[in-house]
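1. One predicted model, sequence on top.
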Amino acid sequence: MQTSLLSLAGPGHRHLQRRIRVGTVALSVGLTALLLSGCAGRGHSVTVGAIPDDYRTNHPIIVAEKERVFDIPVASGDRKLSISMRETVRGVANEYRSVASGTVRIMAPSGSANAGAASLLVREVAEVLRKQGVPGNRIISTLYQASYDNDAAPIRISFLAITASTAECGKWSEDMLAGGEENRNYGNFGCASQNNIAAQIANPADLLGPRGMTPIDASRRSNVIDTYREDGAAL
């Protein structure tokens with residue numbers, strides 16, 4: 001019959017063996033804690049999202065005050081506004097009334113070949129604006145320097161209004177193929193789409209918050225409910 005060494009060992013040997021086991025467990029726990037602390041330290045040292053890769057962040061739509069300018073080409077022989085010119089001025093007046101309430105500037109060219117014709121049409125432009133609801137005390141006529149060689153120097157109408165816009169596109173500061181291993185968008189990515197969205201927004205205030213709801217049409221609601229009940233009864 002075989003006898004194990006543990007049964008032959010005395011009390012001193014058993015105490016030494018327990019101490020070895022306790023030491024082994026403590027060493028294992030210490031190594032585990034050290035490894036975990038090392039992983040935690042490496043995790044905190046990595047900066048995540050330092051370079052934004054969202055085109056909405058790189059090219060945000062900003063709501064701010066901006067000058068809106070509309071040009072009306074004038075020929076040297078013009079003596080009055082044509083039908084298309086009048087429609088353009090009416091469109092400017094409608095946009096002004098919907099988005100602005102400040103000063104409207106009518107700028108005529110000076111020094112160009114068509115400067116004389118433009119000076120005659122400025123008064124007519126102001127008259128069309130007044131007829132379209134722009135207050136006369138908010139219309140200012142000024143001059144701007146134009147080149148003599150530019151026969152089509154336009155009459156410019158401008159006013160300040162809250163506008164949705166983005167920064168100018170064309171950011172090609174780096175190679176499109178560079179950084180491909182990081183799977184990031186290039187700098188100009190999404191800029192044109194953001195500009196198109198900003199140009200289509202009729203009321204920039206919609207980007208800042210929702211509009212108030214209109215009152216409920218009780219009569220229309222009653223008709224819809226009656227129609228729903230009739231259709232359900234027919235089934």
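-> Yes, it's here.

2. which stretches of this protein have low pLDDT?
-> 1-52, 150-151, 177-182, 234-235 (pLDDT under 70).

3. Mind doing that once more with 80?
-> Along the chain, the parts satisfying pLDDT under 80 run over 1-53, 147-152, 171, 173-185, 232-235.

4. Identify the residues contacting the most centrally placed residue in it.
-> Nearest to the mean C-alpha position of the chain, by CA atoms, centre = their mean, lies I61 at 1.7 Å. By CB atoms under 8 Å, 6 or more residues apart in numbering, I61 lies in contact with 164-166, 194, 197-198, 201, 207. Backbone N, C-alpha and C define where each C-beta goes, glycine included.

5. those strands in the protein, which residues are they?
-> 62-72, 104-110, 139-145, 155-165 (DSSP state E).

6. out of these, deepest packed?
-> Stretch with highest mean neighbour count among the strands of the chain: strand 104-110 (a mean of 21; mean count of other CB atoms under 10 Å).

7. before we move on, the earlier item: let's have the contacts of I61 in a markdown table, adding distance to D226.
-> Shown next, in a markdown table, are the contacts of I61 (distance: CB to CB, whole Å):
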| residue | distance to D226 |
| --- | --- |
| A164 | 43 |
| S165 | 48 |
| T166 | 49 |
| Q194 | 47 |
| I197 | 41 |
| A198 | 44 |
| I201 | 39 |
| L207 | 39 |
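
8. Buried ones among the residues you listed?
-> Taking 16 or more other CB atoms under 10 Å as the criterion, what is buried in these is 164-166, 194, 198.

9. For R105, list each beta-bridge partner.
-> I140, S158 (DSSP bridges).

10. brain fart, F70
-> I157.

11. Need the nearest residue in space to the residue nearest to the centre of the chain, chain neighbours excluded.
-> Nearest residue to I61, sequence neighbours excluded (CB to CB, 6 or more residues apart in numbering): A198, at 4.9 Å.

12. Over to G136?
-> The shortest distance from G136 to any residue other than its chain neighbours is 5.2 Å, reached at R130 (CB to CB, 6+ apart).

13. What count of nearby residues applies to the one you found?
-> 14 (other CB atoms under 10 Å).

14. go on, E127?
-> 14.

15. Report the separation between it and E174.
-> Relative to E174, E127 is positioned 53 Å away (CB to CB, to the nearest Å).

16. cool, Y186 as well?
-> Distance from Y186 to E174, by CB to CB: 7 Å.

17. For these two, indicate the residue with more neighbours.
-> A direct count of neighbours by other CB under 10 Å for Y186 and E174 places Y186 higher, at 17 against 11.

18. Am I right that that one is in contact with S173?
-> No: between Y186 and S173 there is no contact, the gap being 9.6 Å when judged by CB atoms under 8 Å.

19. Report how many residues lie close to the closest residue in space to T103 that isn't next to it in sequence.
-> Spatially, and ignoring its direct neighbours in sequence, T103 is nearest to R138 (5.3 Å; CB to CB, 6+ apart). Neighbour count for R138, taken as other CB under 10 Å: 16.

20. Which residues are in contact with the closest residue to Y96 other than its chain neighbours?
-> Among residues not flanking Y96 along the chain, F159 sits closest, at 5.6 Å (CB to CB, 6+ apart). With contacts defined as CB under 8 Å, 6+ apart, F159 is in contact with 67-68, 96, 100, 102-105.

21. Run the chain-centre distance for stretch 144-156.
-> Remark: stretch 144-156 is offset 34 Å from the chain centroid, using CA atoms, centre = their mean, to the nearest Å.

22. which residues in the chain form helices?
-> 5-8, 11-45, 55-58, 83-99, 115-131, 191-200, 218-234 (DSSP state H).
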